[in-house]
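Enquirer: all I have is the shape, not the residue letters:
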């Protein structure tokens, strides 16, 4: 990367430069870098911030972590807050306000000008994880009467605040979306060409209530840099840009990682989280799963008297291996299906395809593991009966694990639950109980043939 | 989404429309949609494809799954192949060729024109998972002598093939990167303004060998839609665009999900994979982990004679719960640290911070779980000794699990291994062995006080 100012240099620069010179210089420094530099700053924050022009402050606030935004903004008076918010993109303001309490939101909204206030309230009414929740309202509308020249002139006057001007959207007099024109095509065309000659009428748009994960799938499929959002009458309401989608994809993956590992969600990063926050993230599901695991104990206790018989206790030594393998096989299936669903490759209607596939895969995998097990126990323990008990149990455990692991996420989705929720641990718990039942049943049959 | 042609309608349209009319109509249909429509087509593929203009074919090929590209291209003669490849973006060609065998690559490259051939060979020389491996070479260079008008005229002549014209890069006579200008700023400026007035000299660029995950972190940090790639002399070589990064983020997450669940990597999607491919993905690590789990058996066998003593066998009933909880606690820590590393929040230098944090968190979590356990066993089993054995073992198991889970990924990275590799299962195996040792040691001390 090109050598830039270090954080310390940047802070010094902010502290010592005159406001006018600062305004010009900061235009070429990314707000994310200013924010980085301020992270280690231990002087008076407010005195530093008031030196920075409002539009740059707005940029810095947009870049800050969700949980820091309120604190940063809280340093300013209501008038200053309104000035800063007016410079921020509408979607960023709405997202930020989701984290404020009602009084604060009402105070800020009532201080904004009517139009902006209306816009923010509208944006806040959408579910934050839908297209409406991630869209910005600053797009560039054009109409069928415009030429290339008109458009360029219009952009010079009105393009300043748009989220992107790389795509312009042709609307009819009722604001219904009729097509899209790229700035690229405009720039590469003759001045007097009517826009209608350039417009692509076959524009992909999304409804406000589309899940953000589906929106991300469309971006991936088409490689778009922006997608328009429309209401049920096809009236255009906003746009979603690729950089917002990058965050969506990262957030959704992080959530799936957390859910699959039985972690509760929190928005702070690991190193910034307190010990108690981290403990809270983990404790609930651990307790839940620990108590669920009681069932495994019940199964073992049922066979306790049988195990006490001479020669049977050796069976206990293979319980952990059987359980671990079942857990691993189950989470392999679950991971493949959960990831396939997250990427839009697998949906509920594929239930029986997945079920049938998992059964066939488990027959192959189960057979391989069983044979290896049988040979190993035969060689090292010289105990065919033990080998058969473990191997037969292993075979059925793998089948159970793959079927449960592969179908549970689909069943969860069917019941509107998140497919990833504690997938691996809960599958492990279910598979453990079933594996123990199979193991002891098989062993009892083999050791005490009727 | 706007009503578009269904797949069947599109195929019919492709089959019946004259080539000239097709050329015009297909401009407004996204290649990804054409590819989708063809997925269920059971007629003669080649006869359908030859009707499609070469530039659209190139687009379709770019959209196809990695493993289908060779098959699609294989339908054509060498001359046709060269025509199609010449229309594709250089980075897409290089990626595609990575999957071809050497003879095929040599044949194709020797048929391309010299400049393109050179470019492809250069691109193929970079590690596919670095900035060089994902960059395209089609960017728009500008120089310090140009005005806004010059630039617009230059774009009209030379912008056609660029990956994006939303950013233009100012190079010095040695092709060294000096700054970036956005098309937005150009469009919004006076014709006779020198470009130097608009250029941002503080341009963020990346070296060819930067890991693609780090590149993605920069895109997330700055919200860029493109980043230039430079060599060690700061000579500009190519650009990476946000849509490529979206794929990087998805691929890296998928890889981490697979690795954490002990799955080998394969590029085919679940529903498209054969039973044998899916079995192969799973079997290697399952076998490895199954054999590793032998150690748990060894520990149990060591205590077998002790367990045979009256009243001690009940200890066995709590082994699964202890192991599952240890596994879950360990994968919670591992997930947080692995995800933190993937997003650039945690690095090796934070080793002791993580270690210290995990120890403190584990004290809180371990204590909570132990107390619940003690109360539960006391209430239901009325056996204080058993309750104490399980609870003390639980406490230490959680500490061990969190410490192993939190630090192992960092240790793996230190040794240049992927931190995610089989994280949860291998941590489970290690924690299982240690938990069993602690459990039996504690129980022996309590049941047989010296």
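Expert: Okay, I see it. Source: prediction; values computed, not measured.
Enquirer: outline the domain layout of chain A.
Expert: Following automatic domain parsing, one finds the domains of chain A at A:7-125, A:140-241, A:293-447.
Enquirer: winner for burial among these?
Expert: Highest mean neighbour count among those (mean count of other C-beta atoms under 10 Å in any protein chain shown): domain A:293-447, with a mean of 21. Where C-beta positions appear, they are placed from N, C-alpha and C, glycine not excepted.
Enquirer: worst mean pLDDT among the domains of chain A?
Expert: Among the domains of chain A, domain A:7-125 has the lowest mean pLDDT, at a mean of 85.
Enquirer: on that earlier part again, got a markdown table for the domains of chain A, with distance to chain B too?
Expert: Listed next are the domains of chain A as a markdown table, based on distance: least, C-beta to the nearest C-beta, whole Å:
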| stretch | distance to chain B |
| --- | --- |
| domain A:7-125 | 4 |
| domain A:140-241 | 4 |
| domain A:293-447 | 4 |
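Enquirer: got CSV for those, with distance to residue B:366 too?
Expert: Listed next are the domains of chain A as CSV, based on distance: least, C-beta to C-beta, whole Å:
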stretch, distance to residue B:366
domain A:7-125, 27
domain A:140-241, 36
domain A:293-447, 16
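Enquirer: can you say which of the ones you listed is nearest to residue B:26?
Expert: Comparing the domains of chain A against residue B:26 with C-beta to C-beta, the closest turns out to be domain A:140-241 (10.4 Å).
Enquirer: that closest one spans what distance, first to last residue?
Expert: End-to-end distance of domain A:140-241 (C-alpha to C-alpha, to the nearest Å): 13 Å.
Enquirer: how far does it sit from the chain's center?
Expert: 27 Å (C-alpha atoms, centre = their mean, to the nearest Å).
Enquirer: who wins for proximity to residue B:81 among the domains of chain A?
Expert: Nearest of the domains of chain A to residue B:81, taken as C-beta to C-beta: domain A:140-241 at 23.0 Å.
Enquirer: ok, residue A:25 - contacts?
Expert: A:13, A:17 (C-beta atoms under 8 Å, 6 or more residues apart in numbering or on different chains).
Enquirer: what helix or strand is it located in?
Expert: Using DSSP states H and E, residue A:25 maps to helix A:19-26.
Enquirer: quick one: the helix or strand just after that helix to helix A:19-26, angle?
Expert: Going down the chain from helix A:19-26, the next helix or strand is helix A:31-39, by DSSP H and E. Angle, helix A:31-39 to helix A:19-26, by axes from the mean of the first three to the mean of the last three C-alpha atoms, to 10 degrees: 120 degrees.
Enquirer: which neighbouring elements make contact with helix A:31-39?
Expert: With contacts defined as 3 or more C-beta pairs under 8 Å, 6 or more residues apart in numbering or on different chains; DSSP states H and E, helix A:31-39 has these neighbours: helix A:7-16, helix A:54-63.
Enquirer: enumerate every residue touching the residue sitting nearest the centre point of chain A.
Expert: With distances taken as C-alpha atoms, centre = their mean, residue A:252 lies nearest the centre of chain A, 1.1 Å away. Shown in contact with residue A:252 (C-beta under 8 Å, 6+ apart): A:212-213, A:216, A:342.
Enquirer: could you do residue A:35 as well?
Expert: Per C-beta under 8 Å, 6+ apart, neighbours of residue A:35: A:60, A:63-64.
Enquirer: mind redoing it with 10 Å?
Expert: The neighbours of residue A:35, taking C-beta atoms under 10 Å, 6 or more residues apart in numbering or on different chains as the test, are A:59-65, A:68, A:72, B:221.
Enquirer: and what of residue A:230?
Expert: Residue A:230 is in contact with A:131, A:169, A:175-177, A:203, A:205-208, A:236-238, B:1-2, counting by C-beta under 10 Å, 6+ apart.
Enquirer: same check, this time on residue A:441
Expert: Residue A:441 neighbours (C-beta under 10 Å, 6+ apart): A:303, A:389, A:392-393, A:396.
Enquirer: which one of those sits closest to residue B:160?
Expert: Set against residue B:160, the nearest of the contacts of residue A:441 by C-beta to C-beta is residue A:396 (62.2 Å).
Enquirer: so where do the strands sit in chain A?
Expert: Counting by DSSP state E, chain A has strands at residues A:140-142, A:167-171, A:177-182, A:206-207, A:226-230, A:236-241.
Enquirer: circling back to that earlier point, and the contacts of residue A:35, which two are the farthest apart?
Expert: Greatest spacing in the contacts of residue A:35, by C-beta to C-beta: A:72 and B:221 (17.5 Å).
Enquirer: circling back to that earlier point, from residue B:247, how far off is the residue nearest to the centre of chain A?
Expert: 15 Å (C-beta to C-beta, to the nearest Å).
Enquirer: same question, residue A:302
Expert: According to C-beta to C-beta, residue A:302 stands 52 Å off from residue B:247.
Enquirer: what does residue A:362 give?
Expert: Distance, residue A:362 to residue B:247, by C-beta to C-beta: 31 Å.
Enquirer: what does residue A:144 give?
Expert: From residue A:144 across to residue B:247, the span is 35 Å (C-beta to C-beta).
Enquirer: now swap in residue A:232 and tell me
Expert: As judged by C-beta to C-beta, residue A:232 and residue B:247 stand 32 Å apart.
Enquirer: before we move on, the earlier item: angle of the helix holding residue A:25 against helix A:7-16?
Expert: Using the same axes, to 10 degrees: helix A:19-26 against helix A:7-16 is 150 degrees.
Enquirer: mind checking how far helix A:19-26 is from the chain centre?
Expert: 37 Å.
Enquirer: was I right to think residue A:206 contacts residue A:215?
Expert: Yes: with contact defined as C-beta atoms under 10 Å, residue A:206 reaches residue A:215; the gap is 5.7 Å.
Enquirer: so where do the helices sit in the stretch 301-450 of chain A?
Expert: A:304-308, A:319-342, A:351-381, A:384-414, A:423-447 (DSSP state H, counting those that start in this stretch).
Enquirer: residues contacting the residue nearest to residue A:174 when sequence neighbours are not counted?
Expert: Of all residues not flanking residue A:174 in the chain, residue A:235 sits nearest, at 6.8 Å (C-beta to C-beta, 6 or more residues apart in numbering or on different chains). Residues near residue A:235 by C-beta under 10 Å, 6+ apart: A:171-172, A:174-177.
Enquirer: ok, back up a step: quick one, which of the strands of chain A is nearest to residue B:188?
Expert: Nearest to residue B:188, of all those, is strand A:140-142, at 11.5 Å by C-beta to C-beta.
Enquirer: tell me the strands beside the closest one, with direction?
Expert: According to DSSP bridges, strand A:140-142 forms sheet pairs with strand A:167-171 (parallel).
Enquirer: and the partner strand with strand A:177-182, angle?
Expert: If you take the same axes, to 10 degrees, strand A:167-171 sits at 150 degrees to strand A:177-182.
Enquirer: my guess is residue A:403 contacts residue A:351, does it?
Expert: No: with contact defined as C-beta under 10 Å, residue A:403 does not count as touching residue A:351 (11.6 Å).
Enquirer: for residue A:118, what are its contacts?
Expert: By C-beta under 10 Å, 6+ apart, the contact list for residue A:118 reads A:109, A:112.
Enquirer: dump the residue contacts of the nearest residue to residue A:297 once chain neighbours are set aside.
Expert: In this structure, residue A:297 finds its nearest non-sequential neighbour in residue B:317, 4.1 Å apart by C-beta to C-beta, 6+ apart. The neighbours of residue B:317, taking C-beta under 10 Å, 6+ apart as the test, are A:294, A:296-304, A:307, B:381, B:386, B:390.
Enquirer: which of these lies closest to residue A:434?
Expert: residue A:299 (9.2 Å).
Enquirer: can you pull the contacts of the closest one?
Expert: Contact analysis of residue A:299 by C-beta under 10 Å, 6+ apart lists A:432-437, A:439-440, B:317, B:320.
Enquirer: tell me which two in those are the farthest apart.
Expert: A:434 and B:317 (16.8 Å).
Enquirer: surely residue A:29 is in contact with residue A:23?
Expert: No: Residue A:29 is not in contact with residue A:23 according to C-beta under 10 Å; the separation is 11.5 Å.
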